[in-house]
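In: Mind looking at a prediction? Sequence and model below.
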Amino acid sequence: MSVIAAISTPNAAGGIGIVRVSGDGAFLIADRCFRSVSGRKLSGMKGYTAAFGTVFDDSGDIDECVCIVYRAPHSYTGEDTVELSCHGGLFIMQKVLRAVLSAGAVPASPGEFTRRAFLNGKMDLAQAESVMALISAQGTAALNASRNTLEGAVSRKTEEISGLLLSAAASLAAWADYPEDDVPAVEGKTLGETLSAAEAQLSRLIDRCDSGKAVTEGVRTVICGKPNVGKSTLMNLLTGYDRSIVTSVAGTTRDVVEETVRLGDVVLRLADTAGIHETSDEVEKIGVSAAKKRLENADLIIAVFDISRPLSEEDEELLRACRSRRAVAVINKTDLMQELDTRTIGEYIPETVELSAKSADSADTLKCAIEKILGVDETDFTQEMLIGERQRQCAVNALSFVREALGALNAGLTLDAVNISIDSALGELMSLTGKRVTEETVNEVFAKFCVGK
Ligand code: GDP
């Protein structure tokens, strides 16, 4: 494989900048553009040692540099690797990178260092995905979840579930081998128990992932309500600054304004939408249909009501839209006289908070309600956590195959049918960790990475 190189530190000025070079021949390439003070060549140095010197190109010296040598397989990628640490100026970094490329390296594509780590067996696909989650973690819970996955917690759990399925498959084989014996009755029970255990473990993994998503990727959230209930004021309270125009003229929040906010450990991907109401204004209509779409696709609805006005037809329409959805009802303007019948709201949306969006402490009240409804307050983020939609989908598919196997077993279908479902479930778990995965999936995973990682 070719020797790849990229700037691994952020694309901005900093105290130190690092160019990473990896692949068979990395030392020879680095030796062509680095001269150590001691006169030692990098290619003659042991792994985990460093040399101080100067990095240069055809036109002369570029900067002082510390080179760290990692020898295969004891590096991030599993290949021979050199990290050149220089002063972290953007211009310097680009010049150092160019010097390394002229010496024979090729530019690394996004995530290529981690992709090589995966291909060289340094980590599995679930661990590779956690690298990006770790980098983008915005809170302690997200950090714990992604670090656990990087350390292999998801991989170990997946192995454990696969182990159960393999033992179920083994009991099936025993059953098929001794059709005359009375093994079937005993084995049948064990088989069902084993499959049920796998089912329970998969379900737990998926449930935890749903709460985990709230802290890793963020929850798609909409703030809905009729005009003037205080949606923009609430949005501003959450974002901490004036993001959308707050006004007392009905219908001025015409577009969907988006913002990502962190509320405790939960990340909300917020949209403040125009109210869902009938309107004749053309511009406003566009906002209203965008609001309906957002509402349909949201993971969480913050439905806002005005305590100073009686329940209207529009409020009721929103309540109906929230039925059996994950929603929090915010009964706003508690500083005003109550005209609203709040009991009706509670009948549709069990999680209800009363607050004034104009008061700063209301963010905390809402945070508690949101954490509760997302199950974040009860989730142990130090346990294994699936990261990302791909991992979740593999687990969901595996679960449905396990349920299919259980169904086939209980319905007394042929053992072959049970076996096929178990096999499919195992296949899903293998693609979760990348043991059996298509090139296309691997490409998709690494396409989300940044260059230099
Ligand atoms: P939207 O149309 O739902 O986005 O509502 P706005 O956020 O624009 O608020 C409409 C009006 O209600 C503005 O004049 C706000 O200042 C006012 N408002 C918002 N929250 C409160 C509150 O808690 N108490 C009171 N008294 N007024 C509020």
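Out: In hand now; what should we look at? Because the structure is a prediction, the values reported are computed rather than measured.
In: What's the nearest residue in the stretch 51-200 of the chain when you look at the ligand?
Out: Proximity of the stretch 51-200 of the chain to the ligand (C-beta to the nearest ligand atom) peaks at residue 138, 26.2 Å away. Quick note: C-beta positions are derived from backbone N, CA and C, even for glycine.
In: so that residue touches residue 263, yeah?
Out: No. When contacts are counted by C-beta atoms under 8 Å, residue 138 is not listed as touching residue 263 (11.0 Å).
In: Could you check which of these two is surrounded by more residues?
Out: residue 263 (21 against 15; other C-beta atoms under 10 Å).
In: hang on, residue 198 in a helix?
Out: Yes. Applying DSSP: H, G, I helix; E, B strand; the rest coil, one finds residue 198 inside a helix.
In: Residue 429 versus that one, what's the distance?
Out: 9 Å (C-beta to C-beta, to the nearest Å).
In: and these two? which has more neighbours close in?
Out: residue 198 (27 against 24).
In: show me the contacts for that one.
Out: Residues near residue 198 by C-beta atoms under 8 Å, 6 or more residues apart in numbering: 161, 164, 165, 168, 402, 425.
In: of those, closest to residue 347?
Out: Closest approach between those and residue 347, by C-beta to C-beta: residue 402, at 37.0 Å.
In: element containing the closest one, please.
Out: Following DSSP states H and E, one finds residue 402 within helix 388-410.
In: Let me know the average pLDDT across the helix or strand hosting residue 329.
Out: If you go by DSSP H and E, residue 329 is part of strand 327-332. What strand 327-332 shows for mean pLDDT is 96.
In: Which neighbours do residue 198 and residue 429 have in common?
Out: 161, 165.
In: which residues touch the closest residue to residue 397 other than its chain neighbours?
Out: Closest residue in space to residue 397, ignoring its immediate chain neighbours: residue 428 at 4.4 Å, by C-beta to C-beta, 6 or more residues apart in numbering. Applying C-beta under 8 Å, 6+ apart, we find residue 428 in contact with 394, 395, 397, 398, 401.
In: what's around residue 126, how many residues?
Out: Count around residue 126 with other C-beta under 10 Å applied: 26.
In: sorry, back to before: would you mark the buried spots in the strand holding residue 329?
Out: 327, 328, 329, 330, 331, 332 (16 or more other C-beta atoms under 10 Å).
In: so the last one bridges to which residues?
Out: In this structure, residue 332 bridges to residue 306 when assessed by DSSP bridges.
In: Now do residue 5: how many residues are near it, please.
Out: 31.
In: Can you say which helix or strand has it in it?
Out: strand 4-7.
In: quick one, what contacts residue 71?
Out: 46, 47, 80 are the contacts of residue 71 under C-beta under 8 Å, 6+ apart.
In: Listing partners with orientation, what would you give for the strand holding residue 5?
Out: strand 14-22 (antiparallel), strand 106-107 (parallel).
In: that older thread, can you list residues touching both of residue 138 and residue 263?
Out: Common neighbours of residue 138 and residue 263 (C-beta under 8 Å, 6+ apart) do not exist.
In: coming back round to it: contacts for the helix holding residue 402 next, please.
Out: For helix 388-410, using C-beta under 8 Å, 6+ apart, the contacting residues are 126, 129, 133, 154, 161, 165, 168, 188, 191-192, 195-196, 198-199, 202-203, 205-206, 209, 213, 216-217, 386, 417-418, 421-422, 424-426, 428-429, 431-432, 441, 444-445.
In: List only those of those residues flagged as buried.
Out: Buried, going by 16+ other C-beta under 10 Å: 126, 129, 133, 154, 161, 165, 168, 188, 191-192, 195, 198-199, 202, 205-206, 209, 213, 216-217, 386, 418, 421-422, 424-426, 428-429, 431-432, 445, out of the contacts of helix 388-410.
In: which of the residues in the lengthiest strand in the chain are buried?
Out: The longest strand of the chain (DSSP state E) is strand 60-70. Across strand 60-70, burial judged by 16+ other C-beta under 10 Å covers 62, 63, 65, 66, 67, 68, 69, 70.
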